[in-house]
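[1] Got a predicted structure here, sequence first:
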Amino acid sequence: MNKMRTAVVGAGKMGAIHAKVYDQLPQSDFVAVVDIDGERAKRLAKRYNCSAFTKCEDILGKVDAVTIASPTVTHQKLAEIFIENNIAVMIEKPLAANVKESRRIVELVRKNNTVVATGHSERCNPVVQAMKRLDIEPKFIEATRISPYPFRSSDIGVVLDVMIHDIDIILSLAASKVKKVDAVGISVIDEKEDICNARIFFESGCIANITASRLALKTERKVRVFSRQAYLSVDYFKKSGTIIKAAPNVDVVEKVRELRKGGKFDLLKVNWLDLLHIEKLKIDDKEPLRLEQESFLKAVADKRLRPEVSAEEGLAAMECAEKILDSIKKHKWD
């Protein structure tokens, strides 16, 4: 196997996580860490016996693929350096600080035909992968993602920091253009929103309701999906899920209707759960970030393949997020 020379830009918490995975992947030769803080870059590089640099230009010609895990406001500028030098890039979510910068990245991708992925690692969560295999057509989606204050990512609000995960997943499930967005959000600790609820209307008729908060007393990451084929209730955090399939229940429902019409149906004597076809979602126990980076490097090795989340999909998530942020401004609390 020909190994790809890989590097991480940003030696903070996310950069350190990406570095660990790159160092473990058999198809990766982890060669460099870049960070404007030279000492921090050296500390992380020492851990994996690789080189440390303070400028992205210093690793041009020395790497085949790079993950950018620096602050969001730097994503576009740093991505340009690598894309224009035909070096594949995975950019941690969100793709950029705003839609304008995200579009600039996508334009460069198309111009240079370079592989660029967006690091929406939650798409690689085994629960999401299991949902994807069901191939359902949702009509209503409800997502909740709340947690205590993380004391990080203060440069962006809860929409781009936390809700962006569910926006990306919902867009992939709905597979339809966004028609309208209504949202409300409030700032408590930071200048940007800490809590947000958004309702997304799709052209297909699907509706999604999303709640995100970084001021909760507990951590919760759940989604419920209603479709003609099935009802799903999944927990990303616990990596568990339940499916209630519609097809096996059709005969049961018809029987209930007949008995009710004949006056022979006593609701008090029936356990509704006994009438349903309930299954546990079959979930693989795989590390999302590892799956994400494997998918990225496979796409780098074979351009006929696509990374798990492309730059175009990262842009779509940003465009939806911006609609949510615009709606928050319109419904601003006094």
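    Perfect, thanks for sending it. Numbers count the residues shown, from 1 in each chain.
[2] what comes into contact with stretch 311-321?
    Here stretch 311-321 makes contact (CB atoms under 8 Å, 6 or more residues apart in numbering) with 91, 93-96, 98-99, 102-103, 105-106, 109, 116-118, 120, 159-160, 163-164, 167-168, 171-172, 178, 181, 200. (Each C-beta comes from the backbone N, C-alpha and C, glycine too.)
[3] In helices, which of those residues appear?
    Among those, the members found in helices (DSSP state H) are Val99, Ser102, Arg103, Ile105, Val106, Val109, Ile164, Ile167, Asp168, Leu171, Ser172.
[4] Closest one of those to Lys13?
    For the ones in helices among the contacts of stretch 311-321, the minimum distance to Lys13 (CB to CB) is 17.2 Å, reached by Ile164.
[5] where does the nearest residue to the closest one once chain neighbours are set aside sit relative to Ser51, distance-wise?
    Leaving aside its chain neighbours, Ile164 sits nearest to Pro94 (5.1 Å; criterion: CB to CB, 6 or more residues apart in numbering). According to CB to CB, to the nearest Å, Pro94 stands 29 Å off from Ser51.
[6] For these two, indicate the residue with more neighbours.
    Set side by side, Pro94 and Ser51 show more neighbours around Pro94, with 27 against 16, by other CB atoms under 10 Å.
[7] Please name the nearest non-neighbouring residue to Glu294.
    Leu25 (6.7 Å).
[8] so where's the protein shaky on pLDDT?
    Where the chain drops to pLDDT under 70, the residues are 1, 152-154, 246-253, 255-256, 259-260, 262-276, 333-334.
[9] which stretches of it form strands?
    In the chain, the strands defined using DSSP state E lie at 4-9, 28-34, 51-53, 65-68, 88-92, 116-119, 138-146, 178-186, 195-202, 207-213, 220-227, 230-235, 240-245, 278-280.
[10] what's the second one in contact with?
    Identification of contacts with strand 28-34 by CB under 8 Å, 6+ apart yields 3-11, 15, 19, 22-23, 41, 44-45, 48, 50-56, 58-59, 62-63, 293, 297.
[11] Bridged to the spatially closest residue to Glu193 that is not a sequence neighbour, which residues?
    The shortest distance from Glu193 to any non-neighbouring residue, by CB to CB, 6+ apart, is to Gly185 (3.6 Å). Beta-bridge pairing for Gly185 (DSSP bridges): Cys196.
[12] Can you report how many residues lie near Gly185?
    Gly185 has 25 nearby residues by other CB under 10 Å.
[13] quick check: domain ranges of the chain?
    4-120+288-306, 124-246+276-287+319-330 (automatic domain parsing).
[14] Quick check: end-to-end length of the shortest one?
    Distance across domain 4-120+288-306, first residue to last, is 17 Å (CA to CA, to the nearest Å).
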